[in-house]
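Asker: give me coordinates for this.
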Amino acid sequence: MLGRRESFVQTLRAQWLGQQMRQLREQRGITLKQAGEFLERDFSSIARWERAEWPFRRGVVVSLLDLYGEHDGRERSRFIQLAEDAWRTDRWDDDYDELVDASFIDFPWLETRAEHICSWDAFLMPGLMQTTAYAEAVIRNAEGEQATDFSVSKWLQLRIDRQRVLTREPAVRVTAIIDEGVLRRPVGSPDVMRGQLQHLAELMRQRNIDIRVLPSRVGLHAGLDGSFVLFRMPKPYPEVAYAETLGYVFSLR
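Answerer: Sure, this is the predicted structure:
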């Protein structure tokens, strides 16, 4: 049985890699059988790699790029980097393995790779913009009776770590639309809300952050089904929409 360090989760980036390797193979007119023979593997192995059922190893990707005649340095580097990312659990899994599950792994990866993060928040402040005090109140409410000082502190540290994306270089563009009710909904004490609103005002001074408020007088609109985040990724990756419900849902556009 594979150990935790060697285990593989079928992440979104693994699926992207499989799709792109399949597209490249088909563009070059190479069959699964031919690719399998080149690697001295059964053709079904190639199919499983392309479907992200099995993880692409770096060496396999390099060999297939040679077979497919992909010699452009930038393209090869992109494929190889994606192969390495597909296996990475990152510090999110290493530091917070007792809190997060496999469905969470893609989310911080998308945050750190996106060129533009767009969000609609109907109920609470965007996670990337919450103060520590505001986030603690939200976390304790979400955890309920299961909340412990240890679990709350770990969730808080995770939230703070993710917020570093707002000051990274090159800067990520962030556009957040917040329902007016979010600004009025008391979370924690008056001091907590005062600090949160002041923090929001400070963030608005950053050139890469655009915060807008949807007035309560607006009636029917496209965001009535709930909050969501849209990640605009660098080419050739598609935009990714994320909505958190009873389960985690990723949809490609």
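
Asker: ok, the residue positioned nearest the centre of the chain to residue 214 distance?
Answerer: Nearest to the geometric centre of the chain sits residue 107, at 2.4 Å (C-alpha atoms, centre = their mean). Using C-beta to C-beta, to the nearest Å, residue 107 is found at 24 Å from residue 214. For the C-beta atoms, the positions are set from N, CA and C on the backbone; glycine is no exception.

Asker: now do residue 136
Answerer: Taking C-beta to C-beta, one finds residue 136 at 26 Å from residue 214.

Asker: more neighbours, these two?
Answerer: Taking other C-beta atoms under 10 Å, residue 136 and residue 214 do not tie; residue 136 has more neighbours (20 against 17).

Asker: what ranges do the strands span in this structure?
Answerer: Taking DSSP state E as the test, the strands found in the chain are 116-121, 173-179, 209-214, 228-232, 240-244, 248-252.

Asker: number of nearby residues for residue 22?
Answerer: 16.

Asker: use 79 as the first number for this chain going forward.
Answerer: Will do, 79 is the new start, and the previous item becomes residue 100.

Asker: tell me how many other residues crowd the nearest residue to it once chain neighbours are set aside.
Answerer: Among residues not flanking residue 100 along the chain, residue 128 sits closest, at 4.2 Å (C-beta to C-beta, 6 or more residues apart in numbering). Residue 128 has 22 neighbours, counted by other C-beta under 10 Å.

Asker: show me the contacts for residue 312.
Answerer: 191, 193 (C-beta atoms under 8 Å, 6 or more residues apart in numbering).

Asker: phi first, then psi, for it.
Answerer: phi -70, psi 150 (degrees, to the nearest 10).

Asker: please apply the same query to residue 149.
Answerer: Per degrees, to the nearest 10, the backbone of residue 149 is at phi -110, psi 0.

Asker: what is the burial count for it?
Answerer: Using other C-beta under 10 Å, residue 149 has 9 neighbouring residues.

Asker: ditto for the one 10 residues further on
Answerer: A count of nearby residues for residue 159, using other C-beta under 10 Å, gives 14.

Asker: check what pLDDT it gets.
Answerer: If you check residue 159, the pLDDT there is 85.

Asker: also residue 306?
Answerer: Looking at residue 306, its pLDDT stands at 92.

Asker: now it, nearest residue through space, not along the chain?
Answerer: Leaving aside its sequence neighbours, residue 306 sits nearest to residue 321 (C-beta to C-beta, 6+ apart; 4.4 Å).
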